[in-house]
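[1] turn this into a model:
(chains A and B)
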Amino acid sequence: MPKVLTVKHMARCIACYSCMLACARAVYGDYSPSHSAVQIRTRGGLQSKLAADVCIGCRDAPCAAACQAGALLPRPGGGVRFVRNKCSGCGACVEACVVRAIRLDTDGRAIVCIQCGTCTRFCPHDVLVMEESAADA
Amino acid sequence: MLDANTVRVLYIDLGRREWRVDERPELARYLGGVGVAAKLFTEGLVPDAEASAPEQPVVLGIGPLTTVFPLATKTAAVFRSPLTGEWGESYAGMRLAMALRFAGYDAVYLTGRAQRPVYLVVDRDGVSFKDARGLWGLDCEETGRCLREWEQGRGFRSIVRIGPAGERGVAFAGVNVDTVRHFGRLGLGAVMGAKNLKAMVVHGEKSIPIPDRRAYRAVYEEIHARAVDTEVMEKYHGLGTAGNVLSLNAMGALPTRNLRENRFEGAERISGEAFAQKTLIRKLACPGCPVGCIHVGLYRRSFAEGHEYESITLAYDYELIYALGSFLGLSEPGDVYALIEAVEALGLDAISSGVVLGWATEALEKGLIHTADLGAELRFGDLDGYLAALHGLVEQPTPLYAVLARGLHRATAELGGRDFACLLGNNEMAGYHTGYAFILGQTVGARHSHLCNAGYALDQEPGLGEDPEGVVDRLIAEEEWRNVLNSLGVCLFARNIYDPPTVVRTLNALGVPAGAEDLAQLGAEIFDLKLAAKKRMGFDLSHVTVPRRYFETSTLQGTLREDVLGDLLSRYRARIAARA
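    Okay, here's the model as predicted:
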């Protein structure tokens, strides 16, 4: 069964941004961690807890339904495939995402998780893992 | 200088409220970090003006590896030190280097003095000068909270600020970077204060496309794997630097009670193990570092009967436990935390603060200074006096505090008592009473830090003591190589990962054509650049003295002899003279 990105052990996060750098590097070909579909956040300063804004891999993904350009295609098992060169930068997916995990990059194209799991390979503490989604359990 | 051909320098004039960006292609051969910062600093240094003069530059630099390779997390700062009067160099981690990288600047060059307190917002569009009168007087934490709420860029910004110590010109005031890291040593906080610069918010999230993804990913993944899958980083990841407390104590190298002793009977209780078991709640990392060496502990204290507690979290490390623990005879983690809390809030360098208070305790015992002038009783092992005295150093309610706030080099020139002042190269000592190489290393190192050349590590190598030329060779070679690492932007904790062949491969993967020989030459060139600047600021190695205390208290190598150290110093001087 295909797996989807899951926030497993948030309290173990050390804010190293390795996941963000991995996504930016591998998926978006960019050095900048701002160009990552995963976003690690503090809840208000470094003395606070951390949080991860990630794609939850929806079935019948609303972002794909909202995309009129054909850039986002439902992926078996949840989430989407992203055909970047078809993205028009209209932002409909950003509006449609139920967890607000899609943003536009500085060129106006979507930064969207493709459920590849690369970020999880670089997480030192299994904060992020690929698991079969709860819906399949 | 991710662009191999140029260095982008952001020049900021605080007095004129002007800024500009210059491309400096001719600086590309310095790579970045301390190399570029040292070169820029020497261009603007005014040797005849004191450290706090408006025209003295402060330069920040990041390196080609910053954020784009694992553990490349440090920003270098170069300035004239108000503590020693000469070469000021300090490093901070956390998000500053990343924010500068993705704001698009390799270096920041600050001069002038704002007419009124300001803070700067630096982003890809340049610099905004903002009114900081509402922040002036606030401690480091509250300043950070305000700026977090006032300014944009959450997650991709860094908030760099001074506390009251920097505002009031304490010569060993530090700069707080993102709450848990600092430009600690040599008084950058006082230099910012003299410029009326309370804070700087740097925000960077610009896209930088990777030119050669395949080459880059291969080298990145190899280094990342070495950092997380091998033992090479275990020391920093596990107990952290605080693990040094017990090992140095066992060696007889843990400075205790103003270095009257080299072992501390309370070492177990303030050991890294004790801090971890009783207080450690989490670790944090600088962005791009999967190791996460920042140890954050819980400081909980009762403030009233009936289970009334207050709690805060604080980052601890070996140097803080040494300077604010064993050096003051304090053996409770809670006492150490109380002093860490104060130095954090006030914006003081922890090492100099502890060493100044240790000296003051002994000076009080000897009748050199008096309780009435301190407004507090200082006794080894007694927290309350030390807490009051830390505030005294900043608020300076008496003339004595104003003298102590200039650091022990200047204070002892006025008050006497240099024999028992734990100074090396006029800077308060780091926590390693290991032997000759440490003392020589901190004395001769460009910034008089144990991190210049790691003499403390040489002292732990058997047999090297019989080879004085070998000690001198190794200190110089280490300082030269660290100049390279510090130009790349790499954290020195990762020095065992970034050996010369690895460094060459990282640079080549970024399209920077450099070989091992180029790097070695660069390290030597930066070494000489610093020496020349130090000379212009009046530093002369033939005038340095080492206080008698170092020869009274036994070390890992037993009791040291002045003539042996004198011989090492003259060999070092001869080597330096031969370079010129």
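[2] who in chain A is up against chain B?
    A:11, A:14-18, A:21, A:25-26, A:29-35, A:39-42, A:44-47, A:105-107, A:122, A:124 (CB under 8 Å from any CB of the partner chain). Backbone N, C-alpha and C define where each C-beta goes, glycine included.
[3] residue boundaries of the strands in chain A?
    A:4-7, A:39-42, A:50-53, A:72-74, A:80-82, A:103-104, A:110-111, A:128-131 (DSSP state E).
[4] in a markdown table: those, plus mean neighbour count and mean pLDDT.
    Below are the strands of chain A laid out as a markdown table (neighbours: other CB atoms under 10 Å in any protein chain shown; pLDDT from 0 to 100):
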| stretch | mean neighbour count | mean pLDDT |
| --- | --- | --- |
| strand A:4-7 | 22 | 95 |
| strand A:39-42 | 20 | 93 |
| strand A:50-53 | 17 | 95 |
| strand A:72-74 | 19 | 96 |
| strand A:80-82 | 22 | 96 |
| strand A:103-104 | 17 | 94 |
| strand A:110-111 | 24 | 96 |
| strand A:128-131 | 18 | 96 |
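[5] how about CSV for the ones you listed, with distance to B:Q277 added?
    What follows is the strands of chain A, written out as CSV (distance: least, CB to CB, whole Å):
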stretch, distance to B:Q277
strand A:4-7, 29
strand A:39-42, 27
strand A:50-53, 24
strand A:72-74, 50
strand A:80-82, 46
strand A:103-104, 42
strand A:110-111, 42
strand A:128-131, 29
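[6] could you flag which of the residues of chain A next to chain B are buried?
    Those of the residues of chain A next to chain B that meet the buried threshold are A:14-18, A:21, A:25-26, A:30-35, A:39-40, A:42, A:46-47, A:105, A:122, A:124, by 16 or more other CB atoms under 10 Å in any protein chain shown.
[7] and the helix or strand where B:A190 lies, how far out from the chain middle?
    Using DSSP states H and E, B:A190 sits in helix B:188-194. Computed by CA atoms, centre = their mean, to the nearest Å, the chain-centroid distance of helix B:188-194 equals 14 Å.
[8] ok, and what's touching that helix?
    B:51-54, B:56, B:58, B:77, B:79-80, B:82, B:88, B:90, B:113, B:162-163, B:165-175, B:183, B:198, B:347-349 (CB atoms under 8 Å, 6 or more residues apart in numbering or on different chains).
[9] helix or strand right after it?
    Following helix B:188-194 toward the C-terminus (DSSP H and E): strand B:197-203.
[10] which non-adjacent residue is nearest B:V219?
    B:A509 (4.4 Å; CB to CB, 6 or more residues apart in numbering or on different chains).
[11] related to what we said a few turns ago, from the residues of chain A next to chain B, which land in helices?
    A:S18, A:L21, A:R25, A:A26, A:F122 (DSSP state H).
[12] which among those residues gets closest to chain B?
    A:S18 (4.9 Å; CB to the nearest CB).
[13] so who does the closest one touch?
    Neighbours of A:S18 in contact, by CB under 8 Å, 6+ apart: A:F122, A:C123, A:P124, B:P70, B:H224, B:G288, B:P290.
[14] ok, 6 Å please
    A:F122, B:P290 (CB atoms under 6 Å, 6 or more residues apart in numbering or on different chains).
[15] give me the number of residues near B:R495?
    Applying other CB atoms under 10 Å in any protein chain shown, we find 16 residues neighbouring B:R495.
[16] now it. Nearest residue, chain neighbours left out?
    In space, B:R495 is closest to B:L485, 6.0 Å off (CB to CB, 6+ apart).
[17] next, the one you found: secondary structure please.
    helix (DSSP: H, G, I helix; E, B strand; the rest coil).
[18] which non-adjacent residue is nearest the residue of chain A positioned farthest from its centre?
    Most distant from the centre of chain A: A:Q47, at 24.9 Å, with distances by CA atoms, centre = their mean. Closest residue in space to A:Q47, ignoring its immediate chain neighbours: B:T313 at 5.5 Å, by CB to CB, 6+ apart.
[19] isn't that neighbour right up against B:H295?
    No: B:T313 lies out of contact with B:H295 (CB atoms under 6 Å); the separation is 10.6 Å.
[20] please identify which of those two sits among more neighbours.
    The residue with more neighbours, out of B:T313 and B:H295, is B:H295; 26 against 18, by other CB under 10 Å.
[21] so that one bridges to which residues?
    B:K283, B:Y316 (DSSP bridges).
[22] any idea how far it lies from A:M10?
    Going from B:H295 to A:M10 by CB to CB, to the nearest Å gives 20 Å.
[23] what does A:L104 give?
    Distance from A:L104 to A:M10, by CB to CB: 26 Å.
[24] which bits of the stretch 1-150 of chain B sit near chain A?
    With the criterion set to CB under 6 Å from any CB of the partner chain, the stretch 1-150 of chain B comes near chain A through B:V68, B:F102, B:R148.
[25] pull out the buried members of those.
    Applying 16+ other CB under 10 Å to those flags B:V68, B:F102, B:R148 as buried.
[26] where does the first one land in three-state SS?
    Three-state assignment for B:V68 (three-state DSSP): coil.
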